[in-house]
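Visitor: Output the structure for:
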Amino acid sequence: MIGWLVVGGFALVAWLWLTVAQGWFWRTDQRLPAGSPPARWPSVAVVVPARDEVEVLPASLPSLLAQRYPGPVRLILVDDNSTDGTGELAEKLAIDAAVPLTVSTPGEPPAGWTGKLWAVEHGVGIADDADFLLLTDADIRHGPESLTRMVESATAGGFDLVSQMALLRTETVWERLIVPAFVYFFAMIFPFRRVNRPGSRVAAAAGGCMLVRADTLRRAGGVAAIGGAVIDDVALAGLVKRAGGRLWLGLAEDVHSVRPYPRLADLWQMVARSAYTQLRHSPLLLVGTVVGLGVVFLVPPVTTVVGAADGDLIGCGLGAVTWLLMAATFAPMLRYYRQPVAAALLLPVTATLYLLMTVDSARRHWSGRGAAWKGRNYVGPAGHPARHE
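Guide: Next up is the predicted model:
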């Protein structure tokens, strides 16, 4: 048990540090700052890249077409070479809509571009001289005042990029187990408070809903500067911050993802397609991540169980305290997703699944499959142009 006590003590120290020194990542109070109506409402172009999205468009696109925005606004849906009639359905949904819709197809992405960013680049080019660009995914449903509130926040706060982490679905057992932890882990890596703090080097955004000043994006080099990025939202945030722009990232209240992930395999694909990219395709970082996840998330419950089995009250108590501290940091995210707080005790189980997903992501990369998404496979190493198929 001496070994377990040492490792268990290290895990406790790690959780104490994470709780108080990692940007209060576990708190869920970073919500869209209140703004006020600007003297002149800026023009906005909403750009929606869409590839084979017939299943989700009826639940998402009407919310954008019905936005109650006081200024000039237009919607550009970029049909990324869909084979299921995505563009045609979008035009049908836009009949008699309050917001005008343009549907355009960019053709296949050139070498060095991901399909999504090539579609976004095409849409931004159509946007002409819009003051703001709302880059939002095809599966995102917005509340009727969503755009207005984001513009008010951006103009009042002087933000160049305002991004909201959309509420993901938590209807199935697997969604309830994995989705809140997905946002929790994202916030652990990119603490929202640090992203939002002027002068901080931490940059991140949530790709489903990003409002960016068009002139700032142009000054930063445009979408072309990150054309090969697989994790495009973080890449865009870094681009804007390096250009001197101010970021704001937080949890959404009226922005929802309608994309279902009913099976474990669906959620596995969502995580595994980019997890190894986040590690910059580094075997050393992969090993460090696996060891780190094991010590931080798995040692506390194992120490608790082993200590109880051996009658070691010190070991059992050490593991239990650490496990409870871990669960306490996860509880606010569960409340945000309206899940039972007691489920926080299952975080080690979910962390184990994420560990396996990360290893599988590396396996896919080494086998040449890379970050596969809707018929395309991006296998280029981070920092270099991605190849596409």
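Visitor: to the chain's geometric centre, what's the distance from stretch 213-223?
Guide: 21 Å (Cα atoms, centre = their mean, to the nearest Å).
Visitor: buried sites along the longest strand along the chain?
Guide: Using DSSP state E to define each element, the chain has its longest strand at strand 247-257. By neighbour count on 16 or more other Cβ atoms under 10 Å, the buried set for strand 247-257 is 247-252, 254-257. Every residue, glycine included, has its C-beta placed from N, CA and C.
Visitor: The helix or strand containing V46: how far from the chain's middle?
Guide: Element membership for V46 (DSSP states H and E) is strand 44-50. Centre-to-centre, strand 44-50 and its host chain are 18 Å apart (Cα atoms, centre = their mean).
Visitor: Partner strands of it, with direction?
Guide: Here strand 44-50 is paired, per DSSP bridges, with strand 73-79 (parallel), strand 132-136 (parallel).
Visitor: Quick one: name whatever helix or strand follows that strand.
Guide: helix 57-65.
Visitor: Tell me which residues touch the residue lying closest to V234 once chain neighbours are set aside, please.
Guide: Take V234 and drop its neighbours on the chain: the residue closest to it by Cβ to Cβ, 6 or more residues apart in numbering is A204, 5.1 Å away. Going by Cβ atoms under 8 Å, 6 or more residues apart in numbering, A204 touches 186, 189-190, 195, 233-234, 237, 247, 249.
Visitor: what are the ranges of the strands in this structure?
Guide: Secondary structure of the chain (DSSP E): strands at 44-50, 73-79, 101-104, 132-136, 140-142, 161-167, 209-213, 247-257, 371-373, 376-378.
Visitor: How about the contacts made by D254?
Guide: Contacts of D254 (Cβ under 8 Å, 6+ apart): 142-143, 145-146, 149.
Visitor: For it, give its distance to F132.
Guide: Distance, D254 to F132, by Cβ to Cβ, to the nearest Å: 18 Å.
Visitor: Likewise for L285?
Guide: Separation of L285 from F132 (Cβ to Cβ): 36 Å.
Visitor: Show me which of the two is the more surrounded one.
Guide: Counted by other Cβ atoms under 10 Å, L285 and F132 do not tie: F132 has more neighbours, with 26 against 15.
Visitor: Give the bridge partners for the more buried one, please.
Guide: Under DSSP bridges, the beta-bridge partners of F132 are V44, R213.
Visitor: what residues are up against it?
Guide: Taking Cβ under 8 Å, 6+ apart, we find F132 in contact with 42-45, 151, 154, 211-214.
Visitor: returning to what we had before: most neighbours, which of the contacts of A204?
Guide: L249 (28 neighbours).
Visitor: roughly how far apart are it and L236?
Guide: L249 is 11 Å from L236, by Cβ to Cβ.
Visitor: Give me the contacts around the lengthiest helix in the chain.
Guide: The longest helix of the chain (DSSP state H) is helix 313-336. Under the contact criterion Cβ under 8 Å, 6+ apart, helix 313-336 has outside partners 1, 4-5, 8-9, 11-12, 15-16, 18-19, 26-28, 180-181, 183-184, 187, 251, 296-297, 299-308, 340-341, 343-345, 347-348.
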